[in-house]
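Chemist: starting from these lines, generate the structure:
(chains A and B)
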Amino acid sequence: MSIMEPRTLFQKVWDDHVVVQEPDRPAVLYIDLQLIHEVTSPQAFTGLRERGLKVRRPDKTIATMDHSTPTLPKALWVIDDQAKAQLGQLESNCEEFGVELFALGDSRNGIVHIIGPERGFTQPGKTIVCGDSHTSTHGAFGALAFGIGTSEVEHVLATQCLLQRKAKTLEVRVDGQLMPGVTAKDLILALCAEIGTGGGTGYVIEFTGSAIRGLDMEGRMTVCNMSIEAGARAGMIAPDETTFEYLKGRERVPQGADWDAAVERWSQLCTDEGATFDKTVVIDANKLEPMITYGTNPGMGIQIGEPMPTANSFDDSSQQAAFAKAMGYMGLEPGQPLLGKKIDVVFIGSCTNSRISDLRMAAGVFSGRKVADGVRTLVVPGSHDIKKQAESEGLDQIFKEAGAEWREPGCSMCIAMNGDNLEPGQYAVSTSNRNFEGRQGKGGRTFLASPLTAAAAAITGEVTDPRSLLLS
Amino acid sequence: MAKFTTLTSHVVPLPAENVDTDQIIPARFLKVIDKDGLGDSLFCDWRYLKDGSDNPDFVLNEAASQGAQILIAGNNFGSGSSREHAPWALVGWGFRAIISTGFADIFKSNSLKNGLLPVEVSADVYKALMEAVQLDRSTKITIDLPTQSVTGLDGLEATFPIDAFSKHCLLEGIDQLGYLLSFDEQITGYEQQRR
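Modeler: Numbers count the residues shown, from 1 in each chain, chains lettered A, B, ... in the order given. Next comes the predicted model:
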């Protein structure tokens, strides 16, 4: 390949990290940052111990506790013995292997995909992995970031490298601009609905176009976060002034002359004119509406004012069967509208939508209003930094006065392995990323939506177009 | 890792699409610190009733499923979370191969590291196999890794793709970390050059 050949953003970051490429073998790809949490790392550390290996680069490894941690105030913590053992295991593993840990109770603790960007570990052009599929979040900075299994966590701990086959590239170009009341979350739910949960399998997505450029970093993170829900292990957005503005001055980014050099380097990280993608999908942002899911995977979504599909909306019998199974689990009637559907719980949080701008959006809807009778509402910031910031802006007061619970940071009800969960049969509007059967608690039923739509549902007690509350 | 060469077994049919890793093993079982015992929780919320007894309507509980080493399931198997607990649970139950028309990327990668072979076949082959297995649960299928073929039904000769490296590792029972560690010198060189 000549050096002048135009390359995609993905290709540039890939090329930069190939240590060895033998014929008929996967590439040995160097990893710049590994993020660790309690759930997917214990067996990896055990593996190292059994082989007598060390962590090759503790300085490129950061650990946090988030999945099984309680979000109640400390005095009310309930941690079951198994979770306690797992958290203790992470603590002793980090100590033994010299890995920096932001433990439960540490002021820097938070959800793994929140604290990486927040503290400036996440930077353009880096390769970033974590034993968590939502690692795709970090691609919002022009990093190549993807989720891995525990065996691969061990590989990276031991060698700082992974065996990888190069993915295909999918450009998702989003033209136009999002309308008021339509958010980054609606954009990515619209993509999931368009290409399905397997549509991006085998691809790395690059999001391009004016609507993507128009998003702030937090919106871009929401979009890249859910790339995996469209089947793509990674989503990327080329860094620009918005990226640099967000990163400048953060704890772990280069400072002074090093910062200038970094920005110069990062500015090269874009897809060259003439570079080609294996596939392109075009979305018109002007036509997007608030989205909501009705089914049991993130691809089963509709514009909030539309009726749900019917069996006839699907071409083949296996899709029809999947649709019927989902409607049965959700207890919904095909062809009916979802607007006005009574709900029991609202969850605002998760690595998808727990950043300060998400909380501001929700607070804008809650302000001066009360949560509907009988609706339980949890607002869970993604990190202690976000919690502090929200409290300094008085957002916590708005939530509490409205009748919502203001919690400590963590994954909370997105994964329901920490004491926060739906009861069987309950309906929730949730800002998280997965509406799989039982994801938010055994038998629980999830409608995925934006922070605006979730907040609107909390106020009215039913599925509501948030624009009706924004205008009044 | 256990070697994989040829496998002949009866088959468990699960004709559902998009079986996600939360169904394979729900998150509440992820609080373990080892890999053992997850087979008991495989497909937990489909497999057991509220009182903890076996759900007689779920295929894994049928007598004809016992001892099977092959699962056949609908498209996009293993979507969702990156939890390697999913292949650990499948292997823990006794599966060594899964036949589908498509697998999620991370699940596929995790499976290959645990001696669990993802066998990707065309929609026609899937349909023929699924129908035959559902019609006669004693139907035996053979998956042969060296020739990358699926046989066992009259007139059926299907092949499946697998990259050369993963195939080599499965056939020899090679652990990928050992291979990676052999590049220590090159990795050090890369680190020095980037400094």
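Chemist: hmm, residue A:33 and residue A:121 touching each other?
Modeler: Yes: here residue A:121 lies in contact with residue A:33, judged by Cβ atoms under 8 Å, at a distance of 5.8 Å. The way it works is simple: take the backbone N, C-alpha and C, and place the C-beta from them, glycine included.
Chemist: list residues touching both of the two?
Modeler: Listed as contacting both residue A:121 and residue A:33 by Cβ atoms under 8 Å, 6 or more residues apart in numbering or on different chains are residue A:62.
Chemist: residue contacts, residue 142?
Modeler: Using chain A. Residue A:142 sits in contact with A:9, A:13, A:124-125, A:236-239, A:243, A:266, A:269, where contact means Cβ under 8 Å, 6+ apart.
Chemist: nope, chain B
Modeler: So residue B:142 contacts B:6-8, B:150-152 (Cβ under 8 Å, 6+ apart).
Chemist: now secondary structure too, for those, in CSV please.
Modeler: Below are the contacts of residue B:142 laid out as CSV (DSSP: H, G, I helix; E, B strand; the rest coil):
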residue, secondary structure
B:6, strand
B:7, strand
B:8, strand
B:150, strand
B:151, strand
B:152, coil
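Chemist: picking that back up, neighbour count: residue A:121 and residue A:33, which is higher?
Modeler: residue A:33 (24 against 20; other Cβ atoms under 10 Å in any protein chain shown).
Chemist: how about that one: what's its closest non-neighbour residue?
Modeler: residue A:128 (4.6 Å; Cβ to Cβ, 6 or more residues apart in numbering or on different chains).
Chemist: ok, the one you found to chain B distance?
Modeler: 14 Å (Cβ to the nearest Cβ, to the nearest Å).
Chemist: give the partner strands of the strand or helix carrying that residue in its sheet and their orientations.
Modeler: According to DSSP states H and E, residue A:128 maps onto strand A:127-130. Strand A:127-130 has the following sheet partners, assigned by DSSP bridges: strand A:33-36 (parallel), strand A:144-147 (parallel).
Chemist: so residue B:180 is in which element?
Modeler: helix B:176-181.
Chemist: export that helix as CSV, just CAs?
Modeler: The C-alpha trace of helix B:176-181 is given here as CSV (Å, rounded to 0.1, in the frame of the first residue of the first chain):
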residue,chain,number,x,y,z
GLN,B,176,-4.0,-18.1,22.0
LEU,B,177,-2.2,-16.4,24.9
GLY,B,178,0.8,-18.7,24.4
TYR,B,179,0.9,-17.6,20.8
LEU,B,180,0.7,-13.9,21.7
LEU,B,181,3.4,-14.2,24.3
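Chemist: distance from the chain centre to stretch B:177-192, please.
Modeler: 30 Å (Cα atoms, centre = their mean, to the nearest Å).
Chemist: quick one: residues in contact with that stretch.
Modeler: A:19-20, A:28, A:30, A:47, A:51, A:56, A:151, A:154-155, A:158-163, B:169.
Chemist: elements contacting the longest helix anywhere in chain B?
Modeler: Across chain B, the longest stretch assigned as helix under DSSP state H is helix B:123-135. The contact analysis (3 or more Cβ pairs under 8 Å, 6 or more residues apart in numbering or on different chains; DSSP states H and E) places helix B:123-135 against strand B:6-14, strand B:70-73, strand B:97-100.
Chemist: helix or strand right after that helix?
Modeler: strand B:140-144.
Chemist: what is the mean pLDDT for that next one?
Modeler: Mean per-residue pLDDT for strand B:140-144: 98.
Chemist: would you list the strands that that strand pairs with, along with their directions?
Modeler: By DSSP bridges, strand B:140-144 pairs with strand B:6-14 (antiparallel), strand B:149-151 (antiparallel).
Chemist: CSV for the ones you listed, including mean pLDDT?
Modeler: Converted to CSV, those look like this (pLDDT from 0 to 100):
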stretch, mean pLDDT
strand B:6-14, 98
strand B:149-151, 98
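Chemist: kindly reformat these as JSON lines containing mean neighbour count and distance to residue B:46.
Modeler: As requested, the strands paired with strand B:140-144 are exported to JSON lines (neighbours: other Cβ atoms under 10 Å in any protein chain shown; distance: least, Cβ to Cβ, whole Å):
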{"stretch": "strand B:6-14", "mean neighbour count": "19", "distance to residue B:46": "9"}
{"stretch": "strand B:149-151", "mean neighbour count": "18", "distance to residue B:46": "26"}
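Chemist: what residues of the helix or strand just after the helix holding residue B:180 count as buried?
Modeler: Counting by DSSP H and E, the next helix or strand C-terminal to helix B:176-181 is helix B:184-194. The neighbour-count check on helix B:184-194 (16 or more other Cβ atoms under 10 Å in any protein chain shown) flags B:187, B:190 as buried.
Chemist: for helix B:184-194, give the mean pLDDT please.
Modeler: For helix B:184-194, the per-residue pLDDT averages 97.
Chemist: and it, how far out from the chain middle?
Modeler: 35 Å.
Chemist: same check on stretch B:30-42?
Modeler: 16 Å.
Chemist: and stretch A:110-125, by the same measure?
Modeler: Per Cα atoms, centre = their mean, the centroid offset for stretch A:110-125 relative to its chain is 12 Å.
Chemist: do the same with stretch A:44-64
Modeler: So, by Cα atoms, centre = their mean, the centroid of stretch A:44-64 is 25 Å from its chain's centroid.
Chemist: could you do stretch A:339-348 as well?
Modeler: 21 Å.
Chemist: could you tell me the end-to-end distance of that stretch?
Modeler: End-to-end distance for stretch A:339-348, by Cα to Cα, to the nearest Å: 19 Å.
Chemist: name the residues of that stretch that are buried.
Modeler: For stretch A:339-348, by 16+ other Cβ under 10 Å, it's A:341, A:343-348.
Chemist: about what we covered before: distance to residue B:26 added to the helices and strands packed on helix B:123-135, as CSV?
Modeler: Putting the helices and strands packed on helix B:123-135 into CSV (distance: least, Cβ to Cβ, whole Å) gives the following:
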stretch, distance to residue B:26
strand B:6-14, 16
strand B:70-73, 17
strand B:97-100, 19
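Chemist: for residue A:171, find the nearest of those strands.
Modeler: Taking Cβ to Cβ, strand B:97-100 is the member of those nearest to residue A:171, at 27.5 Å.
Chemist: give the rounded mean pLDDT of the closest one.
Modeler: 98.
Chemist: using CSV, write down the CA coordinates of whichever strand or helix holds residue A:153.
Modeler: Using DSSP H and E, residue A:153 falls within helix A:150-159. Only the C-alpha atoms of helix A:150-159 are listed here, as CSV (Å, rounded to 0.1, in the frame of the first residue of the first chain):
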residue,chain,number,x,y,z
THR,A,150,-12.4,-12.3,29.7
SER,A,151,-9.9,-14.4,27.8
GLU,A,152,-8.9,-11.3,25.9
VAL,A,153,-8.8,-9.2,29.0
GLU,A,154,-6.2,-11.7,30.2
HIS,A,155,-4.3,-11.4,26.8
VAL,A,156,-4.1,-7.6,27.1
LEU,A,157,-3.1,-7.7,30.8
ALA,A,158,-0.3,-10.1,29.9
THR,A,159,0.9,-8.7,26.6
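Chemist: partner strands of the helix or strand just after it and their direction?
Modeler: The first helix or strand that comes after helix A:150-159 along the chain, using DSSP H and E, is strand A:161-164. Paired with strand A:161-164 in the same sheet, following DSSP bridges, are strand A:27-30 (antiparallel).
Chemist: can you get me a residue count around residue B:129?
Modeler: Neighbours of residue B:129 using other Cβ under 10 Å come to 24.
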